[in-house]
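Novice: I need the structure of the sequence given here:
(chains A, B and C)
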Amino acid sequence: MRSYRKELWFNIPNRREYINITPQVEACLRESGIREGLVLVNAMHITASVFINDDERGLLKDYDDWLEKLAPHEPITQYRHNRTGEDNADAHLKRQVMGREVVVAVTDGRLDFGPWEQIFYGEFDGRRRKRVLVKIIGE
Amino acid sequence: MRSYRKELWFNIPNRREYINITPQVEACLRESGIREGLVLVNAMHITASVFINDDERGLLKDYDDWLEKLAPHEPITQYRHNRTGEDNADAHLKRQVMGREVVVAVTDGRLDFGPWEQIFYGEFDGRRRKRVLVKIIGE
Amino acid sequence: MRSYRKELWFNIPNRREYINITPQVEACLRESGIREGLVLVNAMHITASVFINDDERGLLKDYDDWLEKLAPHEPITQYRHNRTGEDNADAHLKRQVMGREVVVAVTDGRLDFGPWEQIFYGEFDGRRRKRVLVKIIGE
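Specialist: Here you go, the predicted model:
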């Protein structure tokens, strides 16, 4: 069994943003030389997500509006977590809806994807350096 | 390390449906001959889910009502994504609540499940052919 | 490839609770002797979650309030599942928001975590013995 590890770094200038990271994950897979196995891609921070969906700008804005409706940022006093001096409790909630991680099959050296699957980094509390972990195991 | 791959195809006659696919995944596992490892089961489409829960008809209808409340299908004009000519933005949202994939342990050649765990395909935009990927790695 | 399996048992005295199980998962990893690979940690019951977030008491209470708003326990007659004699339909819904499982990278014999990641058992229908599965594969 072989394994490969890489961190992808981000510094998003806004509080919330959705970035297609499929090319970076594909580059990791090529670099690993692994042909059969599994790729784990996960946010290393608890106010961010990695998820798979469609790279369509309208949809990504729909996600943003919907998450803000399910777990509004303001008023920040509505969350106990914000009494610690933080203002990002909503980001912890939004991340649970979108998920921490994805696991993708590797077949013949490629991400084994359906026609529209793309991997996104979902940032819910940006404006600082944060990381995603890519871990590949296989042969 | 051994690996196994199979696609399961569905053509659901309704927009939304919940199908127990545990027997098909068990058949894949037997066919693979793998005794110890991990099974990844994921929707290959971005308007469908694979999830694990209880095979109880009332509960599946509860999920459906609840998802429709969290992310209503209509009015379709409420979603930017539908301006592209689609009417399935809600399906992309519902799928994030229920998840894209499950990873299940394989122990002694069997799905290592608790007493009520069953794997479901959740369709949120049916009436066409769509796929689930089963990938097994192990020994 | 090596594999390791262990069940963690819980008997939570309340209906809902959030327990940091990171030390138990780390103990499993040490016991396994695996240095590179993946850990799967999943609830074996369908009214409980395993998730990764911050060990901050205010935030865990925020999750609890938020889940109760998204999928209220009462009135129990609002759910079809409860017509079977159960009163836990809400627990099945809450668990989908928080997720069934996490997959964590193992690097150099350790859980490959960002600065604040902690693994939680989320109980939504307690007051009885329930299990979490830890499965590790690697070398």
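Novice: Would you map the strands across chain A?
Specialist: In chain A, the segments counted as strands under DSSP state E are A:2-11, A:17-20, A:37-43, A:48-53, A:101-107, A:110-111, A:118-123, A:129-138.
Novice: Dihedrals phi and psi, A:P72?
Specialist: phi -60, psi 140 (degrees, to the nearest 10).
Novice: With adjacent residues omitted, what lies nearest to it?
Specialist: Once flanking residues are discounted, A:P72 sits nearest to A:D90: 6.3 Å by Cβ to Cβ, 6 or more residues apart in numbering or on different chains. (Each C-beta comes from the backbone N, C-alpha and C, glycine too.)
Novice: per-residue pLDDT, the one you found?
Specialist: As predicted, A:D90 sits at a pLDDT of 98.
Novice: Run a quick neighbour tally on it.
Specialist: Neighbours of A:D90 under the rule other Cβ atoms under 10 Å in any protein chain shown: 27.
Novice: For it, give me its contacts.
Specialist: By Cβ atoms under 8 Å, 6 or more residues apart in numbering or on different chains, the contact set of A:D90 is A:E68, A:A71, A:P72, A:H73, A:I76, A:Y79, A:F124.
Novice: That one and chain B, how far apart?
Specialist: Relative to chain B, A:D90 is positioned 16 Å away (Cβ to the nearest Cβ, to the nearest Å).
Novice: Quick check on the contacts of A:D90: which are buried?
Specialist: Among the contacts of A:D90, the ones that count as buried by 16 or more other Cβ atoms under 10 Å in any protein chain shown are A:A71, A:H73, A:Y79, A:F124.
Novice: wait, the third one sits on C:G58?
Specialist: It stands for A:Y79. Yes - with contacts counted by Cβ atoms under 8 Å, A:Y79 reaches C:G58, the gap being 7.5 Å.
Novice: Name the residues contacting each of these two.
Specialist: With contacts taken as Cβ under 8 Å, 6+ apart, A:Y79 and C:G58 have A:A89 as neighbours in common.
Novice: Report the central residue of chain A.
Specialist: Centroid-nearest residue in chain A, with Cα atoms, centre = their mean: A:V50, separated by 1.9 Å.
Novice: measure that one to C:L70 for me?
Specialist: Using Cβ to Cβ, to the nearest Å, A:V50 is found at 22 Å from C:L70.
Novice: And the contacts of the top helix by length along chain A?
Specialist: Longest among the helix segments of chain A by residue count, using DSSP state H, is helix A:57-70. Helix A:57-70 is touched from outside by A:16, A:18, A:53, A:90, A:93-94, A:97-98, A:120, A:122, A:124, B:70-71, B:79-84, B:89, B:92-93, B:96, C:70, with contacts defined as Cβ under 8 Å, 6+ apart.
Novice: Buried residues, it. List them.
Specialist: A:G58, A:L59, A:L60, A:D62, A:Y63, A:D64, A:W66, A:L67, A:L70.
Novice: Spatially, which pair of those is furthest apart? Let me know, please.
Specialist: Across those, the longest distance by Cβ to Cβ is 18.6 Å; it joins A:G58 and A:L70.
Novice: before we move on, back to that, for B:E26, which of the strands of chain A is the nearest?
Specialist: Across the strands of chain A, closest to B:E26 is strand A:101-107 (Cβ to Cβ), at 18.5 Å.
Novice: Sounds good, over and out.
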